[in-house]
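> Predicted model and sequence below, questions to follow.
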Amino acid sequence: MSNPATPDASQRSAPGRLCWSREELLASSPVEEPLIAGEVRCHGGFDADGRYCSPRTLHRTPAIQAWQDQLRGQGQPLVEIPSALMPPQYPNLDQARLLLRNGVREPLVRALTIISIVEGFGAIIRDVQVPDLRQLLVEPIDGTALAHLDRGLFEAHARDESGFRDEGGHKQMWEAARDLALEHPKVPGDVLMRMMGRRGARHRPERPFPELDPGLERMLLMMAQVLVVEVFAEGTFDWGEQLLSDPELSAAPEAAGALVRHIRSDERPHVEYLRTALSELRARTLRTLDGRTRPGREIVDAALHRVLRGITRDRPREQREDLRQNLVAAMRGAAHPGALLEEFEALESVWTPPARTGFEPTGSPAGPAASL
Ligand SMILES: [Fe+2]
Ligand SMILES: [Fe+2]
């Protein structure tokens, strides 16, 4: 294996190569035509055959593949977040269609704006401090995703979400998709403020793993949180793609739908590198502050369980509260607001989070998950 600091030139195109430089993991394939969303130049672009190429995937994609193959070769599983845990989007597709057909746009403009803001928040991943994993883990990490988190993986992720220099990222792509489909709607001025208020009001949890180095605990919890958000975003993005590419409701079904499709393809490496690094951590032994060790599996599973339990419980309620705060006011302009509200309610999806996350701490059969 080559030294991670000085990748061996002879390995540059070798399949299965495990060590990469930061520059390589941030490198994009050359494109024939840039992606212009609305009037904003965005990341990625199109090859000579008109196929969309996600940004910064020239080496990132084969690198992630090689790390996953290595794990499989070691007989270690890749963590998978079950899609059954994914809460449905609120309002659901039928409710969103009903609103748009009746000229009620504000709730959808709000929902799409929230998505773009959440994408922009993705930039905070570059601020995650990676602790000295070689000291904190018993087994070596050379040639793993873990060894590349602060050598391009977090930075590529941050750039994809919030843009970089003069190139827009997902934040700008969602704004453009919203503006194309709904013809530059008036965006409510309080969306960000409300989101920040909610974040501030959230209970700040105690340290769940006080036996760990605080930097390792922070990074692990952040990665578990972002992985779950990324996996669950798939449902939201599917909702967005269907809505914005519906010719009956969207002013630019092709352009807006294509933008969401491009975003969705850019998201794949985010899910894949995060679950790879978490699986690598899971396969290792973690050193505790008191000089003992804990199996990575116990800690990673407990972190995922904690995050999944929180998001499956809070997100449906929060999305519902967000929308309903303005729903009646937004319906006032419709022809028959009372009947519309009734029809809207009748379309509501009933969803209960599954009783188990699948990451329950060993020895607690239905334990904490039962109270989801
Ligand atoms: Fe994104
Ligand atoms: Fe993402």
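That came through, no problem. Ligands and ions are numbered 1, 2, ... in the order given.
> what mean pLDDT would you report for the one helix or strand Ile115 maps to?
Following DSSP states H and E, one finds Ile115 within helix 106-121. The average pLDDT within helix 106-121 is 94.
> which parts of the chain sit against ligand 1?
Neighbours of ligand 1 within the chain, by Cβ under 5 Å from the ion: Glu119, Glu161, His170. C-beta here means a position set from N, CA and C on the backbone, and glycine is covered the same way.
> if we go to 8 Å?
Glu119, Gly122, Asp160, Glu161, Gly169, His170, Glu230, Ala233, Ile263, Asp266, Glu267, His270 (Cβ under 8 Å from the ion).
> Alpha carbons only: can I get stretch 229-242 in PDB?
Provided in PDB are the C-alpha atoms of stretch 229-242 (Å, rounded to 0.1, in the frame of the first residue of the first chain):
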ATOM      1  CA  VAL A 229     -30.400  13.000   6.800                       C
ATOM      2  CA  GLU A 230     -28.800  12.100   3.500                       C
ATOM      3  CA  VAL A 231     -30.700   8.700   3.200                       C
ATOM      4  CA  PHE A 232     -34.000  10.200   4.200                       C
ATOM      5  CA  ALA A 233     -33.500  13.100   1.800                       C
ATOM      6  CA  GLU A 234     -34.000  10.500  -1.000                       C
ATOM      7  CA  GLY A 235     -37.700  10.500  -0.100                       C
ATOM      8  CA  THR A 236     -38.000  14.300  -0.100                       C
ATOM      9  CA  PHE A 237     -36.100  14.500  -3.400                       C
ATOM     10  CA  ASP A 238     -38.300  12.000  -5.000                       C
ATOM     11  CA  TRP A 239     -41.300  14.000  -3.900                       C
ATOM     12  CA  GLY A 240     -39.600  17.200  -5.300                       C
ATOM     13  CA  GLU A 241     -38.800  15.600  -8.600                       C
ATOM     14  CA  GLN A 242     -42.300  14.200  -9.100                       C
END
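> Show residues contacting that stretch.
81, 83, 85-89, 92-93, 96, 112, 115, 118, 174, 177, 257, 260-261, 263-264, 267, 270-271, 274, 311, 315 (Cβ atoms under 8 Å, 6 or more residues apart in numbering).
> where does the stretch 251-372 of the chain have low pLDDT?
For the stretch 251-372 of the chain, applying pLDDT under 70 flags the ranges 363-372.
> Helices along that one, start to end?
All helices of the stretch 251-372 of the chain, identified by DSSP state H, counting those that start in this stretch, fall at 253-282, 296-331, 337-346.
> Which strands and helices lie in contact with the shortest one?
Secondary structure elements in contact with helix 337-346, counted by 3 or more Cβ pairs under 8 Å, 6 or more residues apart in numbering; DSSP states H and E, are helix 93-101, helix 296-331.
> Nearest the geometric middle of this protein, what residue?
Nearest residue to the geometric centre of the chain (Cα atoms, centre = their mean): Glu230, 2.1 Å.
> Just the buried residues of stretch 357-364, please?
Under the neighbour-count criterion of 16 or more other Cβ atoms under 10 Å, stretch 357-364 has Thr357, Gly358, Phe359, Glu360 buried.
> Would you point out the most distant pair within the residues you listed?
Maximum pairwise distance among the buried residues of stretch 357-364 (Cβ to Cβ): 7.3 Å, between Gly358 and Glu360.
> residue in the chain nearest to ligand 1?
Residue of the chain nearest ligand 1, by Cβ to the ion: His170 (3.6 Å).
> how much space between that residue and Gly152?
As judged by Cβ to Cβ, to the nearest Å, His170 and Gly152 stand 18 Å apart.
> Which one's more surrounded, these two?
Neighbour comparison, His170 and Gly152: the larger count goes to His170, with 29 against 22 (by other Cβ atoms under 10 Å).
> count of neighbours near the residue nearest to that one when sequence neighbours are not counted?
The shortest distance from His170 to any non-neighbouring residue, by Cβ to Cβ, 6 or more residues apart in numbering, is to Glu119 (3.9 Å). Neighbour count for Glu119, taken as other Cβ under 10 Å: 23.
> ok, now Ser21?
As a burial measure, Ser21 scores 16 neighbours (other Cβ under 10 Å).
> tell me the phi and psi of it?
phi -90, psi 160 (degrees, to the nearest 10).
> which SSE is the residue nearest to the centre of the chain in?
helix 214-244.
> just to revisit the earlier point, so who does the residue nearest to His170 touch?
Counted by Cβ under 8 Å, 6+ apart, Glu119 has contacts Glu161, Ser162, Gly169, His170, Lys171, Met173, Trp174, Ile263.
> same thing with Pro88?
Gly235, Pro316, Ser349, Trp351.
> Just give me the closest of those residues to Ala283.
Checking the contacts of Pro88 against Ala283 by Cβ to Cβ gives Gly235 as the nearest, at 28.7 Å.
> What is the burial count for the closest one?
14.
> quick one: pLDDT of it?
Note on Gly235: pLDDT of 93.
> Look up how far Ser250 lies from it.
19 Å.
> How about Asn326?
With Cβ to Cβ as the criterion, Asn326 and Ser250 are 22 Å apart.
> And the two? Which one has more around it.
Set Asn326 next to Ser250 and count neighbours by other Cβ under 10 Å: Ser250 wins out with 20 against 14.
> Double-check that the more buried one belongs to a helix.
No. According to DSSP: H, G, I helix; E, B strand; the rest coil, Ser250 belongs to no helix; its state is coil.
> quick one: which helix or strand includes His43?
strand 40-46.
> tell me the angle of that strand relative to helix 253-282?
70 degrees (axes from the mean of the first three to the mean of the last three Cα atoms, to 10 degrees).
> Give the buried residues for strand 40-46.
In strand 40-46, counting by 16+ other Cβ under 10 Å, buried: Val40, Cys42, His43, Gly44, Gly45.
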